[in-house]
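Trainee: got a predicted model here, sequence first, then my questions.
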Amino acid sequence: MLTQALLVDDSRSVLNFLQRHIEAEGLVEATTFLDPVDALACARERAFDLVLVDYEMPHMDGISFIRAFRTLPGCADIPIAMITSRQTDDVKMEALEAGATDFLPKQPQSVEMTVRLRNLIRLGVAVRKQNDRAADLANAVAAATQKLAEREEEIILRLALAVEYRDNDTGEHTLRVARYSRIIAEQLGLPARLCRDIYLAAPLHDVGKVAIPDNILLKPGRLTDEEMAVIRTHATIGERILADSTCELIQLGAQIAAGHHERWDGTGYPSGLKEDEIPIAARVVAVADVFDALTTRRPYKEPMPLEVARNYLVENQGRQFDPACVEAFLSRWDEVVAIAAGQSTAPFQKSEATLSPVMEEAAESRPDGNRPPEVSPA
């Protein structure tokens with residue numbers, strides 16, 4: 001690949017001389033400009049390995065050109081030589097502060113110019129190779145990071161599927177809870193990364209149910225007080241399963257598992273946390289989880305109409321639920337209705353949430369068996 005040089009001088013004869021001189025060995029391709037403004041416009045569109053610019057030009061002098069060039073993307077390290085016959089200390093210092101790399105004397109056939117040009121070409125090639133290596137490394141890091149994220153998300157899917165195999169509705173329930181949670185998090189104005197992570201970690205909220213005995217978890221009717229006490233342990237068990245992970249998504253899942261049955265007024269379980277003591281992700285999922293439990297069929301109850309479930313959330317904000325989470329959820333009611341009706345299938349874009357298509361698949365293939373009763377939202 002030829003080294004690309006940008007030559008800027010208001011003298012056509014000087015430009016022709018520089019071009020012949022720099023292209024003499026066939027290793028450099030020069031692009032010439034008489035107007036520095038036009039040269040900057042070109043540099044915004046094309047990449048150059050080396051720049052030679054005159055000091056005294058109309059419209060813009062060489063130092064101003066260097067300052068402007070250095071602000072362009074990818075141009076911070078490109079070698080720039082200023083051509084001038086006024087190599088005073090003041091001019092040199094100002095040019096160096098602007099970002100000049102070297103100076104070239106304005107004398108044709110100068111031995112010094114030939115040597116300096118050769119060195120600048122070599123430097124330009126070295127800088128380009130270094131930048132190419134840096135770009136390759138950045139791409140490799142990005143690919144490795146993406147692969148790691150996909151593996152983390154797969155772990156979450158596997159854990160959610162572990163619950164699904166004991167609960168024939170969990171695939172659909174966890175997916176809807178994830179979508180509802182995403183709506184709430186986005187509407188609260190949480191950072192985009194946290195919204196994504198809450199969406200991905202929400203399916204882990206009931207992972208602790210894998211440790212609940214079948215005679216309780218699969219009971220077709222309502223639970224006794226003793227059985228309810230056992231099933232309530234799923235919050236603590238879920239936290240234990242997910243605790244101490246080095247994966248941030250799993251750590252968030254632990255917060256959600258432990259806190260999604262806490263209540264805003266402090267009367268929830270397992271720790272009796274209240275208000276802001278409850279992690280925001282758990283407060284978000286609490287609203288999503290209860291709303292879905294109310295509006296879907298269970299062995300011991302028919303689904304509650306959406307408007308009735310909506311009223312339940314409103315009546316219990318400030319007691320069971322974070323009022324801000326309820327308000328955020330209801331502010332996008334049309335989307336909530338579409339999700340509840342199974343009409344919303346739009347996950348995050350692939351770059352933001354690669355788990356979504358797999359979660360979709362999980363929701364469509366469920367094992368047979370009796371659906372255990374959900375913990376009462378009250």
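Mentor: Nice, I can see it. Model, not experiment: these values are computed from the prediction. Numbers count the residues shown, from 1 in each chain.

Trainee: strands along the protein, start to end?
Mentor: Assigned by DSSP state E, the strands in the chain fall at 3-8, 28-33, 50-54, 80-83, 102-104.

Trainee: deepest in the core, which of these is it.
Mentor: strand 50-54 (a mean of 26; mean count of other CB atoms under 10 Å). In short, each C-beta sits where N, CA and C put it, glycine included.

Trainee: what's that strand packed up against?
Mentor: strand 3-8, helix 12-22, helix 36-45, helix 62-70, strand 80-83, helix 111-164 (3 or more CB pairs under 8 Å, 6 or more residues apart in numbering; DSSP states H and E).

Trainee: which stretch among the strands of the chain comes nearest residue 172?
Mentor: Nearest to residue 172, of all the strands of the chain, is strand 3-8, at 57.2 Å by CB to CB.

Trainee: okay, angle between the closest one and helix 12-22 too, please.
Mentor: Strand 3-8 and helix 12-22 are oriented at 160 degrees to each other (axes from the mean of the first three to the mean of the last three CA atoms, to 10 degrees).

Trainee: low-confidence ranges, the protein, go.
Mentor: Along the chain, the parts satisfying pLDDT under 70 run over 87, 107-112, 161-162, 164-171, 299-300, 343-378.

Trainee: and residue 259, how close does it get to residue 179?
Mentor: 20 Å (CB to CB, to the nearest Å).

Trainee: before we move on, what about residue 258?
Mentor: 22 Å.

Trainee: now swap in residue 205 and tell me
Mentor: 13 Å.

Trainee: quick one, which of the two is more surrounded?
Mentor: The residue with more neighbours, out of residue 205 and residue 179, is residue 205; 31 against 24, by other CB atoms under 10 Å.

Trainee: OK, contacts around that one?
Mentor: 174, 177, 238, 253, 256, 257, 260, 285, 289 (CB atoms under 8 Å, 6 or more residues apart in numbering).

Trainee: restricted to buried residues, select those in PyMOL.
Mentor: With 16 or more other CB atoms under 10 Å as the criterion, this PyMOL line picks the buried residues out of the contacts of residue 205:
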select buried, resi 174+177+238+253+256+257+260+285+289
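
Trainee: burial measure for residue 116, as a count.
Mentor: By other CB under 10 Å, neighbour count at residue 116 equals 16.

Trainee: what's the answer for residue 125, then?
Mentor: 17.

Trainee: one more: residue 278?
Mentor: The burial count for residue 278: 24, using other CB under 10 Å.

Trainee: and it, its phi and psi?
Mentor: Taking degrees, to the nearest 10, you get phi -80, psi 130 for the backbone angles of residue 278.

Trainee: quick one: the residue lying closest to residue 185 once chain neighbours are set aside and residue 289, what's the gap?
Mentor: Among residues not flanking residue 185 along the chain, residue 195 sits closest, at 4.2 Å (CB to CB, 6 or more residues apart in numbering). Per CB to CB, residue 195 is found 17 Å from residue 289.

Trainee: what sits against residue 177?
Mentor: 202, 203, 205, 285, 288, 289, 292.

Trainee: show me the contacts for the residue most central in space within the chain.
Mentor: Centroid-nearest residue in the chain, with CA atoms, centre = their mean: residue 193, separated by 5.4 Å. Shown in contact with residue 193 (CB under 8 Å, 6+ apart): no residues.

Trainee: test my guess that residue 223 contacts residue 217.
Mentor: No - contact between residue 223 and residue 217 fails when scored by CB atoms under 8 Å: they sit 9.8 Å apart.

Trainee: mutual contacts of these two, please.
Mentor: residue 231.

Trainee: that older thread, reformat the helices and strands packed on strand 50-54 as TSV; add distance to residue 187.
Mentor: TSV is the format used below for these (distance: least, CB to CB, whole Å):
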stretch	distance to residue 187
strand 3-8	49
helix 12-22	59
helix 36-45	39
helix 62-70	42
strand 80-83	50
helix 111-164	23
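
Trainee: out of these, which comes closest to residue 188?
Mentor: Nearest of these (CB to CB): helix 111-164, 21.8 Å.
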